[in-house]
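>>> only geometry, no sequence info:
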């Protein structure tokens, strides 16, 4: 049986809630907040992300109770879909606050929610993105030179999702290319070099490096792939 958690409990979780208020409600930079607390920017970003996680967790629990569910599975699925769609915790919080505004406003009992500017600019929740959309992202990025923020605004997605889709496209290409190159060269450890050199999510950089290292093999494979 689910037990409701008073929203005010989040304020007793260290400085997480205060950091969120300073960041999203009062629009302070992470740098300024870090100076105020005399800690690193990375620590403050971690505090901020933790606050967003807790807010979502509390919302999911409360909504599950309000709608009469025995567990949180229904709203956790929505949570996951929102994460897949937006690629950012603040957008998940914004989605719940926009979709279930009256319930969550009452639940917060006077505490602020996400600012209207964030709720107003939130793209619609989508379950998938078409190949045509991904092709548009690549064109807008590489031909038109747009930022991910500008691409997201034009295609109605978050800048984080635009970047994720862009890099995922090249990660798939990188994986296919490296597979073919390993077959030709017999170098089964090929991917280790690129895995160690680049952080997760840097699909385009890994792809570019692979093409630079094996130009002819990559060119032949890409021609055959079309």
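The structure has been received and is ready for your questions. Values in this document were obtained by computation on a predicted structure and should not be read as measured data.

>>> How about the residue most central in space within the chain: what's its closest non-neighbour residue?
The chain has residue 87 as the residue nearest its centroid, 1.7 Å off, counting by CA atoms, centre = their mean. In space, and not counting its chain neighbours, residue 87 is closest to residue 160: 3.9 Å by CB to CB, 6 or more residues apart in numbering. Bear in mind the C-beta positions are built from the backbone N, C-alpha and C, glycine included.

>>> Distance of the one you found relative to residue 123?
11 Å (CB to CB, to the nearest Å).

>>> and for the two, which residues touch both?
Common contacts of residue 160 and residue 123, defined by CB atoms under 8 Å, 6 or more residues apart in numbering, comprise 86, 152.

>>> Does residue 100 touch residue 62 like I think?
No: here residue 100 does not reach residue 62: they are 9.1 Å apart, not a contact under CB atoms under 8 Å.

>>> More neighbours: which of these two?
The neighbour comparison of residue 100 against residue 62 (other CB atoms under 10 Å) goes to residue 62, with 24 against 18.

>>> Was I right to think the residue nearest to residue 87 contacts residue 85?
No: Residue 160 is not in contact with residue 85 according to CB under 8 Å; the separation is 10.2 Å.

>>> Got the confidence number for the residue nearest to residue 87?
As predicted, residue 160 sits at a pLDDT of 97.

>>> Show me what counts as buried in whichever strand or helix holds it.
Applying DSSP states H and E as the criterion places residue 160 in helix 159-185. Buried residues in helix 159-185, defined by neighbour count with 16 or more other CB atoms under 10 Å: 159-167, 169-171, 173-174, 177-178, 180-181.

>>> Run the angle between the helix or strand that it is followed by and helix 159-185 for me.
Next along the chain after helix 159-185, taking DSSP H and E as the criterion, comes helix 190-197. Relative orientation of helix 190-197 versus helix 159-185 (axes from the mean of the first three to the mean of the last three CA atoms, to 10 degrees): 150 degrees.

>>> Who are the contact partners of residue 83?
89, 92.

>>> Which helix or strand contains it?
Short version, using DSSP H and E: residue 83 is in helix 73-86.

>>> immediately after that helix, which helix or strand?
Following helix 73-86 toward the C-terminus (DSSP H and E): helix 89-99.

>>> now for that next one, which elements pack on it?
helix 41-66, helix 73-86, helix 116-121 (3 or more CB pairs under 8 Å, 6 or more residues apart in numbering; DSSP states H and E).
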